[in-house]
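Chemist: Make a model of this:
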Amino acid sequence: MLFNSLEFLFFAIFFFLIWPLCRKQNTLRWLWIIIGSFTFYAWWDWRFLFLIITSGCIDYLSAWGMVKAPKWRRTLLLTSLVGNLGLLSIFKYSKFFAGILDSCFEYLGMTMRLTDNIPEFVLILPVGISFYTFQSLSYTIDVYRGKLRITKNILHFFSYLVMFPQLVAGPIVRAKDLLHQLSTYRIPSALEKWNAFKLIIYGLTQKMLIADNLAYFIDSAFEGKTEFAGSPYWWLVIIAFSFQIYYDFSGYSLVAKGLAKYMGYHFRSNFNHPYLAHSLRNFWRRWHISLSTWFRDYVYIPMGGSRKGQIRLVVALATTMLLSGLWHGANFTFLMWASIHIAFLLFEKFTKWYRFTPKLIAILFVYFQVLIAWVYFRAENIEQGNTIVSYLFSFDSSDLNFFSFYYDNLIFLYLAVVLECLIGLKLYGRLKGIWRFYKRYDLDVVVMILCLLGIVFFRGEGQQFIYFQF
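Modeler: Here you go, the predicted model:
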């Protein structure tokens, strides 16, 4: 069930009609969240509910055992890690690793055909498996570290794990942030409901008005369905993709945050205008914040981070980024994307170039680095990525008729760039007078009307959220 679908609209109306009747009593509140969330997920494929239930039970019982039998704490943590990451590996990486082994055996003169022997149902990637797996693991790891008390009621735990706004595409909400909120209820004020509505509309606008309208231009290029080529054309394609993936995922996160706020709960922001970052490190503090902080807290820092010398730093950073690449998908393109970020991050770490670079130049340079990495993130394979990079730096001319051919799509790229520039000017204090005028006359209502009109009359063709595939 997609946030931008009619089915979800009816689902949300029904859920929130019943919600006031259930939220005051703990068991009813948790049960209604679970029922609603299971319905939301089962709309895609009910069979994979058993995966979520299995993952949740592993972590619930492991954490419970850590308290009841402290001497088995490490064994139970290992059980949690192996159980969850094992399920993730089976459904997400079986074909990838089987293909690597087949290639190795073939190189040695043997034919194994492991890929052909993988059961068909394993090749179906369950929606959101990477998100809810990491969310569930955060509970067990924090209990093991003594940073979180166990949740005794299993309904309480599962209401956290499967809460539908963030179930299939994040943000990855930590147990320590949401469990205590779910132990009670809050009736949101009229202002909070209005802010929740704004978040939902802003999110749907980012997704349906900008990201979906850019999809045709980008897909036709990567799928070879266009005759246009040349360096200017491909630079514009990659720039368009950078805004498509940003507005697509940021849009989902805003809708999720708005739905949670309407329920009376708070999710942390998942994006903070990453293309305005003045260093690559700063970019990763602004992009997919819930995932980058998850890897920081559970992988990078435990490996030593920057506290135990340069060699340990390089190993920790490289491991963290490569795991982040694999988290996104079982494809060498994601490892290449991660490797490019590793190279640029290490260059930044040891040169500190951003400290003596004018801020605007630094922002543009970081964006350039991110664009090069996005090529491989979107490419079907390494070969296609290499070809596109060669186009970018060949400086071959393009048939500029593509501007008029894709005008209906590119106008939304111009809109996205203008919006981001305006936000940048506001953040750096260059629009104080206009902002005071905006707040004084409370123009939020006007903006909401414009967003709704844009969604209704200028929305792109319905597209699945990009991060559903991860």
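Chemist: Can you list the low-confidence ranges for the stretch 301-450 of the chain?
Modeler: Where the stretch 301-450 of the chain drops to pLDDT under 70, the residues are 429-430, 432-435, 437-441.
Chemist: just so I have it, where are all the helices in it?
Modeler: Using DSSP state H, counting those that start in this stretch, the helices of the stretch 301-450 of the chain run over 310-328, 332-351, 359-378, 382-392, 402-405, 407-427, 432-440, 444-458.
Chemist: Let's have the ones you listed in a markdown table, adding distance to residue 234 and mean neighbour count.
Modeler: Where you see a C-beta, it was placed from the backbone N, CA and C, and this is true even at glycine. Listed next are the helices of the stretch 301-450 of the chain as a markdown table, based on distance: least, Cβ to Cβ, whole Å; neighbours: other Cβ atoms under 10 Å:
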| stretch | distance to residue 234 | mean neighbour count |
| --- | --- | --- |
| helix 310-328 | 22 | 17 |
| helix 332-351 | 16 | 18 |
| helix 359-378 | 9 | 18 |
| helix 382-392 | 4 | 16 |
| helix 402-405 | 10 | 15 |
| helix 407-427 | 14 | 15 |
| helix 432-440 | 36 | 11 |
| helix 444-458 | 26 | 13 |
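Chemist: Relative to residue 274, which of these is closest?
Modeler: helix 359-378 (7.9 Å; Cβ to Cβ).
Chemist: that older thread, make JSON lines out of the helices of the stretch 301-450 of the chain and add distance to residue 240.
Modeler: Shown next, in JSON lines, are those (distance: least, Cβ to Cβ, whole Å):
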{"stretch": "helix 310-328", "distance to residue 240": "20"}
{"stretch": "helix 332-351", "distance to residue 240": "17"}
{"stretch": "helix 359-378", "distance to residue 240": "10"}
{"stretch": "helix 382-392", "distance to residue 240": "13"}
{"stretch": "helix 402-405", "distance to residue 240": "11"}
{"stretch": "helix 407-427", "distance to residue 240": "5"}
{"stretch": "helix 432-440", "distance to residue 240": "28"}
{"stretch": "helix 444-458", "distance to residue 240": "17"}
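Chemist: Nearest to residue 6, out of these?
Modeler: Nearest to residue 6, of all these, is helix 444-458, at 12.9 Å by Cβ to Cβ.
Chemist: now that closest one and helix 407-427, what's the angle there?
Modeler: 160 degrees (axes from the mean of the first three to the mean of the last three Cα atoms, to 10 degrees).
Chemist: just checking, what packs against helix 444-458?
Modeler: Where contact means 3 or more Cβ pairs under 8 Å, 6 or more residues apart in numbering; DSSP states H and E, helix 444-458 is packed against helix 190-204.
Chemist: how far out from the middle of the chain is the helix it packs on?
Modeler: Relative to its parent chain, helix 190-204 has a centroid offset of 20 Å by Cα atoms, centre = their mean, to the nearest Å.
Chemist: for residue 208, what are its contacts?
Modeler: If a contact means Cβ atoms under 8 Å, 6 or more residues apart in numbering, then residue 208 has 4, 251, 455, 459-460 as its contacts.
Chemist: can you give me the strands in the stretch 51-200 of the chain?
Modeler: Using DSSP state E, counting those that start in this stretch, no strands are found in the stretch 51-200 of the chain.
Chemist: just the helices in it please.
Modeler: Using DSSP H, counting those that start in this stretch, helices in the stretch 51-200 of the chain cover 73-107, 129-144, 154-161, 175-182, 190-204.
Chemist: thinking again about what came up before, for residue 415, state which of the contacts of residue 208 is nearest.
Modeler: The closest of the contacts of residue 208 to residue 415 turns out to be residue 460 (Cβ to Cβ; 12.4 Å).
Chemist: Kindly indicate whether that closest one is helix, strand or coil.
Modeler: Classification of residue 460 by DSSP: H, G, I helix; E, B strand; the rest coil places it in coil.
Chemist: List the residues that contact it.
Modeler: Contacts for residue 460 (Cβ under 8 Å, 6+ apart) come out as 208-209, 211-216, 412.
Chemist: of all the helices of the stretch 51-200 of the chain, which lies closest to residue 230?
Modeler: Here helix 73-107 is closest among the helices of the stretch 51-200 of the chain (Cβ to Cβ), at 33.6 Å.
Chemist: Now do that closest one against helix 332-351, angle only.
Modeler: Here the directions of helix 73-107 and helix 332-351 differ by 120 degrees (the same axes, to 10 degrees).
Chemist: Could you check how many residues crowd around residue 166?
Modeler: 27 (other Cβ atoms under 10 Å).
Chemist: I figured it was touching residue 267, is that so?
Modeler: Yes - using Cβ atoms under 8 Å, residue 166 makes contact with residue 267 at a distance of 6.7 Å.
Chemist: Quick check: closest non-adjacent residue to residue 298.
Modeler: Distance criterion Cβ to Cβ, 6 or more residues apart in numbering; nearest residue to residue 298, sequence neighbours excluded, is residue 141 at 6.0 Å.
Chemist: That neighbour contacts residue 77, doesn't it?
Modeler: Yes - counting by Cβ under 8 Å, residue 77 is a contact partner of residue 141 at 7.2 Å.
Chemist: Just the buried ones from the contacts of residue 460, in ChimeraX syntax?
Modeler: Only the buried members of the contacts of residue 460 enter the following ChimeraX selection, criterion being 16 or more other Cβ atoms under 10 Å:
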select :208,209,211,212,213,214,215,216,412
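Chemist: returning to what we had before: next, format the helices of the stretch 51-200 of the chain as JSON lines and append mean neighbour count, mean pLDDT and distance to residue 469.
Modeler: Below are the helices of the stretch 51-200 of the chain laid out as JSON lines (neighbours: other Cβ atoms under 10 Å; pLDDT from 0 to 100; distance: least, Cβ to Cβ, whole Å):
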{"stretch": "helix 73-107", "mean neighbour count": "16", "mean pLDDT": "85", "distance to residue 469": "10"}
{"stretch": "helix 129-144", "mean neighbour count": "24", "mean pLDDT": "93", "distance to residue 469": "10"}
{"stretch": "helix 154-161", "mean neighbour count": "22", "mean pLDDT": "95", "distance to residue 469": "21"}
{"stretch": "helix 175-182", "mean neighbour count": "18", "mean pLDDT": "92", "distance to residue 469": "25"}
{"stretch": "helix 190-204", "mean neighbour count": "17", "mean pLDDT": "93", "distance to residue 469": "19"}
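Chemist: any chance of those helices in TSV, with distance to residue 406 too?
Modeler: Below are the helices of the stretch 51-200 of the chain laid out as TSV (distance: least, Cβ to Cβ, whole Å):
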stretch	distance to residue 406
helix 73-107	34
helix 129-144	33
helix 154-161	42
helix 175-182	42
helix 190-204	23
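Chemist: looking at the ones you listed, which is closest to residue 334?
Modeler: That would be helix 73-107 among the helices of the stretch 51-200 of the chain, by Cβ to Cβ, at 10.1 Å.
Chemist: how far off helix 310-328 does the closest one point, in degrees?
Modeler: Interaxial angle of helix 73-107 relative to helix 310-328 (the same axes, to 10 degrees): 80 degrees.
Chemist: what sits against the residue nearest to residue 148 when sequence neighbours are not counted?
Modeler: Once flanking residues are discounted, residue 148 sits nearest to residue 142: 3.9 Å by Cβ to Cβ, 6+ apart. Counting by Cβ under 8 Å, 6+ apart, residue 142 makes contact with 148, 174-176.
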